[in-house]
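1. Have a look; sequence and predicted model below, questions after that.
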Amino acid sequence: MSQAIGWLTAAQKTALVKIAKAYAWKTRYGHEDLIQEALTRVLEGKRAWPRGLPAVVFLRGVMRSIASDWGPEDRDDSVDVDDIGYVNHSATAKIDAGKMLALFNDDPVAQKIFIAMLEGSRGEELRKLSGLSAKDYETKRTKMRRRLEKMMS
């Protein structure tokens with residue numbers, strides 16, 4: 001296992017950093033901590049790496065699980081952000097979500113998709129809600145992902 005981790009390419013390492021940033025923003029820890037914890041759990045044998053599963057796919061799952069376990073640091077359900085449909089989320093997450101939503105002030109369709117994602121919509125449901133063709137929807141999602149990655153870096 002340690003050899004497989006040592007053989008990660010630059011592109012795979014970059015992908016892991018992006019994935020870690022996407023999951024870590026919801027926790028009290030940084031993305032570096034999330035990557036470190038995932039690698040530690042794998043190397044200590046706490047997470048079994050299924051044979052043939054690509055490293056990035058496996059580590060993504062490990063990081064997602066850890067981020068879910070860590071969760072937000074402090075819950076403050078008294079903060080209300082009705083305009084973006086949040087209920088029962090931490091104040092910090094709401095503020096961050098508001099900043100992220102503002103990234104799409106110039107694109108009402110992207111805002112609609114982002115709000116639906118915050119409310120739990122996924123996959124084909126999001127595409128239908130957007131009113132875009134499959135190709136245009138993927139283009140929009142790529143644009144949104146790049147803006148979010150730029151904000152988090």
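-> Cool, the structure landed. Fair warning: this is a prediction, and the values are worked out from it, not measured in the lab.

2. mean confidence for the lengthiest helix in the chain?
-> With secondary structure taken from DSSP state H, the chain has its longest helix at helix 134-152. Across helix 134-152, the average pLDDT comes to 87.

3. I'd like the distance from stretch 137-153 to the chain centre, please.
-> Centroid separation between stretch 137-153 and its chain, computed with CA atoms, centre = their mean, to the nearest Å, is 11 Å.

4. typo on my end, it should be stretch 102-118
-> 16 Å.

5. Buried residues of it, list them for me.
-> 103-104, 109-118 (16 or more other CB atoms under 10 Å). Using the backbone N, CA and C atoms, a C-beta is placed for each residue, glycine as well.

6. Restricting to C-alpha, output it in PDB.
-> Extracted in PDB, the C-alpha atoms of stretch 102-118 (Å, rounded to 0.1, in the frame of the first residue of the first chain):
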ATOM      1  CA  ALA A 102     -22.400  34.900  -4.800                       C
ATOM      2  CA  LEU A 103     -19.800  33.400  -7.200                       C
ATOM      3  CA  PHE A 104     -22.700  32.800  -9.600                       C
ATOM      4  CA  ASN A 105     -24.400  36.200  -9.400                       C
ATOM      5  CA  ASP A 106     -23.800  36.600 -13.100                       C
ATOM      6  CA  ASP A 107     -25.400  33.200 -13.900                       C
ATOM      7  CA  PRO A 108     -29.000  32.600 -12.700                       C
ATOM      8  CA  VAL A 109     -29.000  29.000 -14.000                       C
ATOM      9  CA  ALA A 110     -25.800  28.200 -12.100                       C
ATOM     10  CA  GLN A 111     -27.400  29.700  -9.000                       C
ATOM     11  CA  LYS A 112     -30.500  27.600  -9.500                       C
ATOM     12  CA  ILE A 113     -28.300  24.500  -9.800                       C
ATOM     13  CA  PHE A 114     -26.200  25.400  -6.700                       C
ATOM     14  CA  ILE A 115     -29.300  26.100  -4.500                       C
ATOM     15  CA  ALA A 116     -30.800  22.800  -5.600                       C
ATOM     16  CA  MET A 117     -27.600  21.000  -4.700                       C
ATOM     17  CA  LEU A 118     -27.600  22.700  -1.200                       C
END
